[in-house]
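A.B. asks: sequence? don't have it. structure:
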């Protein structure tokens, strides 16, 4: 029996139905051979890896589901705590139960994305995975628990689940190049990068965890080479946190701040990865993802909330379409009288960026033919966005930006 098995704790979890039992797997493509190819590892000890991740997490931030040993019908496995909350793509429908219209939904999304506790917890999860070497952290491997109180989104917790793809004997393992990305969708299969910004509390907790203490925490769960690699990951992370490359801040969440914008790159940040890949699963979340930069622009949000601007009317109309069935989008959903109301006006760059990202050629082209010019924004490269989304009327866009005659 594995060390650390507590039958009383297992029984309580199963009786209370607060945990799920998972039998130990007999084989998993986990290690790599001398040529770097993935090979089948017999007895990969996924249960022990889950247990070790829990033990390390208990020394740090408490962002992983608690796991204990278990036996069911004579089969050895683990009992994993049922994580509170939902997958990220399920949060938007939850918000829409109290904010069914686009006008109501946007402020809720703004509150959610700028919530300091949410950003901190996601960063704590990333730091924990940096130590365990977790390869498989993606948006279906952590739950987010929120509540709605007085029309506000209250963040409660993040819990990482399925923490069994860590603790490789390689310091920085990766499956890049050996997986079918079409099947994996957004699944990372690589160890996370280091976050650009952390709080002092995060740094202190990581520095307080001594590499030599991992032997005691492990207590026989992992092989020596796996523990040695974990020690090295911890040491390297601590060196990074003490270096000039890491910025220590008082707060991570602030709408419009450079700190929040630093979390925009998926390779550096789980927050950036969430924005990059969350849109794959839910059309409503795609709308939220595409509006990330615009949400940070407080003045533009105020313009959007205004009831009588032509820009707000067009975006509200688009929201109503896209928050429904994407397959039902037709040109008739875009009221031409609203586009015509823009005649001779100069519109702002975030508004055009929003239209370009919808990839509905009819809408931005008709708007560009109607308006007089576009007010540029130093933080938004419309030409780059247009090229990225393969918008065919690049020359027309440049003309309205005043880049060509």
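C.D. replies: Noted; the coordinates are in hand. Bear in mind that the values here come from a model prediction, so they are computed numbers and not experimental data.
A.B. asks: distance between the ends of stretch 141-160?
C.D. replies: Distance between the two ends of stretch 141-160: 6 Å, counting by CA to CA, to the nearest Å.
A.B. asks: what comes into contact with that stretch?
C.D. replies: 63-65, 81, 83-88, 91, 94-95, 98, 108, 111-112, 115, 117-118, 121-122, 124-125, 128-129, 134, 137, 161-162 (CB atoms under 8 Å, 6 or more residues apart in numbering). Just so you know, the C-beta spots here come from the backbone N, C-alpha and C atoms, and that holds for glycine as well.
A.B. asks: got the domain boundaries for this protein?
C.D. replies: 7-81, 88-281, 297-401 (automatic domain parsing).
A.B. asks: mean pLDDT lowest for which of those?
C.D. replies: Mean pLDDT is lowest for domain 7-81 among the domains of the chain, at a mean of 65.
A.B. asks: show me where the stretch 1-150 of the chain has its helices.
C.D. replies: For the stretch 1-150 of the chain, applying DSSP state H, counting those that start in this stretch gives helices covering 7-15, 46-58, 91-96, 102-113, 116-132.
A.B. asks: now the third one: buried residues?
C.D. replies: Spelled out, that is helix 91-96. Neighbour counts over helix 91-96 (16 or more other CB atoms under 10 Å) mark 91-92, 95-96 as buried.
A.B. asks: tabulate the residues you listed (a markdown table), appending distance to residue 388.
C.D. replies: Converted to a markdown table, those look like this (distance: CB to CB, whole Å):
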| residue | distance to residue 388 |
| --- | --- |
| 91 | 26 |
| 92 | 24 |
| 95 | 28 |
| 96 | 28 |
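A.B. asks: closest to residue 237 among these?
C.D. replies: Checking the buried residues of helix 91-96 against residue 237 by CB to CB gives residue 91 as the nearest, at 29.5 Å.
A.B. asks: ok, that closest one to residue 164 distance?
C.D. replies: 25 Å (CB to CB, to the nearest Å).
A.B. asks: ok, residue 217 next?
C.D. replies: In terms of CB to CB, residue 217 sits 17 Å off from residue 164.
A.B. asks: go on, residue 343?
C.D. replies: Separation of residue 343 from residue 164 (CB to CB): 60 Å.
A.B. asks: the more surrounded of those two?
C.D. replies: Between residue 343 and residue 164, residue 164 has the larger neighbour count (other CB atoms under 10 Å), namely 27 against 11.
A.B. asks: element containing residue 399, please.
C.D. replies: Using DSSP states H and E, residue 399 maps to helix 394-401.
A.B. asks: which elements pack onto that helix?
C.D. replies: Helix 394-401 is packed against helix 362-370, strand 373-375, helix 382-388, with contacts defined by 3 or more CB pairs under 8 Å, 6 or more residues apart in numbering; DSSP states H and E.
A.B. asks: ok, now with 10 Å
C.D. replies: On a contact count with 3 or more CB pairs under 10 Å, 6 or more residues apart in numbering; DSSP states H and E, helix 394-401 meets helix 349-357, helix 362-370, strand 373-375, helix 382-388.
A.B. asks: parallel or antiparallel, which strands does the third one pair with?
C.D. replies: Translated: strand 373-375. Using DSSP bridges, strand 373-375 pairs in its sheet with strand 346-348 (parallel).
A.B. asks: and the partner strand, what's buried?
C.D. replies: By 16+ other CB under 10 Å, the buried positions in strand 346-348 come out as 347-348.
A.B. asks: all strands of the protein, in order?
C.D. replies: Secondary structure of the chain (DSSP state E): strands at 19-23, 27-32, 38-42, 67-72, 75-81, 142-149, 152-160, 197-199, 247-249, 346-348, 373-375.
A.B. asks: residue 371 versus residue 402, what's the distance?
C.D. replies: 12 Å.
A.B. asks: same question for residue 208.
C.D. replies: Note on residue 208: its distance to residue 371, by CB to CB, is 57 Å.
A.B. asks: residue 237 now?
C.D. replies: Applying CB to CB, the value for residue 237 to residue 371 is 50 Å.
A.B. asks: higher neighbour count, residue 208 and residue 371?
C.D. replies: Per other CB under 10 Å, whichever of residue 208 and residue 371 has more neighbours is residue 371, with 19 against 11.
A.B. asks: ok, and the closest non-adjacent residue to residue 60?
C.D. replies: The shortest distance from residue 60 to any non-neighbouring residue, by CB to CB, 6 or more residues apart in numbering, is to residue 205 (5.4 Å).
A.B. asks: what's the burial count for that neighbour?
C.D. replies: For residue 205, the count of nearby residues is 16 (other CB under 10 Å).
A.B. asks: let's number from 473 now, not from 1
C.D. replies: Okay, residue one is now 473; in that scheme the one you just asked about reads as residue 677.
A.B. asks: mind listing what it touches?
C.D. replies: Residue 677 is in contact with 531-533, 596, 599, 670-671, counting by CB atoms under 10 Å, 6 or more residues apart in numbering.
A.B. asks: can I have the buried ones of the contacts of stretch 613-632 as a PyMOL selection?
C.D. replies: Restricted to buried positions by 16+ other CB under 10 Å, the PyMOL selection for the contacts of stretch 613-632 reads:
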select buried, resi 535+536+537+553+555+557+559+560+563+567+580+583+584+587+590+593+594+596+597+600+601+606+609+633+634
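A.B. asks: show me what the closest residue to residue 672 other than its chain neighbours bridges to in the sheet.
C.D. replies: Closest residue to residue 672 apart from its sequence neighbours, by CB to CB, 6+ apart: residue 720 at 5.5 Å. Note on residue 720: beta-bridge partners by DSSP bridges are residue 670.
A.B. asks: thought residue 720 was touching residue 678?
C.D. replies: No - applying CB atoms under 10 Å, one finds residue 720 not in contact with residue 678, separated by 11.5 Å.
A.B. asks: neighbour count winner among the two?
C.D. replies: More neighbours surround residue 678 than the other of residue 720 and residue 678, with 23 against 14 (other CB under 10 Å).
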